[in-house]
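In: Here's a sequence, model it:
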Amino acid sequence: MVIFTGLDSVEATPEGRVVAIGVFDGVHIGHQSIIGEAVAAATECSARATAVTFHPHPEAVLRPRSAPRALTPPERKAQLLGALGVEEVVTVEFDREFARLTPESFCRAVVLDSLGTRVVYVGENFHFGHDGVGTPADLAFYGKNHGFAVRTVALVKDAEGPVSSTRIREALRAGDVARAAILLGRPHRVSGPVSEGVGRGRTLGAPTANIQVGRDVALPRMGVYATRAVSRDGTWHRAVTSVGTNPTFETGRQVRVETLLLGFVGDLYGSILAIDFIQHIRGQKAFPDVEGLREQIARDVQAAEAIHESL
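Out: Next comes the predicted model:
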């Protein structure tokens, strides 16, 4: 898979492109429907399957104070799109200047000038151009005049309505990582380098890996979860993970992601570790003494083991 950072870096191709356009934050089951149709169409007409996405998230530029945290950082998003059969990912820098493009200027800059597009796939709720006034119907009208087709893909829905990144974030805020996994089509993942902590876990009989997660990444509600820890080479381990502020020992507000790999012996410092959240075990709470915490950790490990066995 080829990743282009910006429209200016995109190379011309004689076979043309079938393009799926969207923010695709989370690459959830709704996004997968759009991508799947685009990839199938590209295969059928021998064109390149290309995904056009945006970074940072448009809300981070237009409404920075209320911008959502990312479900999938750019690298992870590209990996997921590639796994769906996308051959090229074009990441467009979304800034104030780009946000001011009219719908027609957006179509010219994104769809025609850079990509040589044959077919465009978008979700039925897709909006583009200044203030988001452009709709799929506008895109189709523009396509008729400039030689590309537009296919609008219906939203994927369940009993609660359309699947969306917003609903996934709401599930994470509630600690319902199992529900988030259903909407994503896989467990929610965070990743980062393993840093050296204060070593308190070893004294409790539970040496943990401290994962340095970016501040703009969506985390589940503070608590303890059954998880899977995945290394760069794809090796994975059963794990139990705490997302919280260590209230038994500290009074600060810094949220940490600390993972105990069950049955693992070794040094993880400096490595990159991904954490897949499988099921909520309990909420965060403070304990009156170290012994109470040690006993609770043992119960958390037992609960996590039982969850993993059930899977």
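
In: from here on, contacts and neighbour counts on C-alpha atoms
Out: Fine.

In: roughly how far is the helix or strand where F141 lies from the heart of the chain?
Out: Per DSSP states H and E, F141 falls inside helix 136-146. Distance, stretch centre to chain centre, for helix 136-146: 30 Å (C-alpha atoms, centre = their mean, to the nearest Å).

In: what is the mean pLDDT for the next helix or strand after it?
Out: On the C-terminal side of helix 136-146, the closest following helix or strand by DSSP H and E is strand 149-153. Strand 149-153 shows a mean pLDDT of 98.

In: coming back round to it: could you list the buried residues of the helix holding F141?
Out: Residues of helix 136-146 classed as buried: 136, 138-140, 142-143 (neighbour count, 16 or more other C-alpha atoms under 10 Å).

In: Just give me the closest of the residues you listed to T166.
Out: If you rank the buried residues of helix 136-146 by distance to T166 using C-alpha to C-alpha, P136 comes first, at 21.0 Å.

In: So the closest one sits against H127, correct?
Out: Yes - assessed by C-alpha atoms under 8 Å, P136 is found in contact with H127 at 7.2 Å.

In: who does the longest strand along the chain pair up with?
Out: When the chain is parsed with DSSP state E, its longest strand is strand 272-283. Here strand 272-283 has these sheet partners by DSSP bridges: strand 188-195 (antiparallel), strand 223-231 (antiparallel).

In: need the next SSE after that strand, C-terminal direction.
Out: helix 290-310.

In: Taking their axis directions, that next one and strand 272-283 sit at what angle?
Out: Orientation check (axes from the mean of the first three to the mean of the last three C-alpha atoms, to 10 degrees): helix 290-310 against strand 272-283 gives 110 degrees.

In: V119 looks like it's in a helix, true?
Out: No - going by DSSP: H, G, I helix; E, B strand; the rest coil, the assignment for V119 is strand, not a helix.

In: Quick one: residues contacting it.
Out: V119 makes contact with 17-19, 148-151, according to C-alpha atoms under 8 Å, 6 or more residues apart in numbering.

In: Reformat those residues as CSV; add distance to G6 and neighbour count.
Out: What follows is the contacts of V119, written out as CSV (distance: C-alpha to C-alpha, whole Å; neighbours: other C-alpha atoms under 10 Å):
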residue, distance to G6, neighbour count
R17, 16, 26
V18, 18, 31
V19, 15, 31
F148, 21, 19
A149, 23, 18
V150, 22, 22
R151, 24, 19
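
In: V190 versus F4, what's the distance?
Out: F4 sits 24 Å away from V190, going by C-alpha to C-alpha, to the nearest Å.

In: picking up where we left off before, quick check, nearest of the buried residues of helix 136-146 to G116?
Out: Distances from G116 to those, taken by C-alpha to C-alpha, are shortest for G143, at 12.0 Å.

In: ok, that closest one - contacts?
Out: Counting by C-alpha under 8 Å, 6+ apart, G143 touches 149-150.

In: where do the helices sit along the stretch 51-200 of the chain?
Out: For the stretch 51-200 of the chain, the helices defined by DSSP state H, counting those that start in this stretch occupy 58-62, 74-83, 96-99, 103-106, 136-146, 165-173, 177-184, 200-203.
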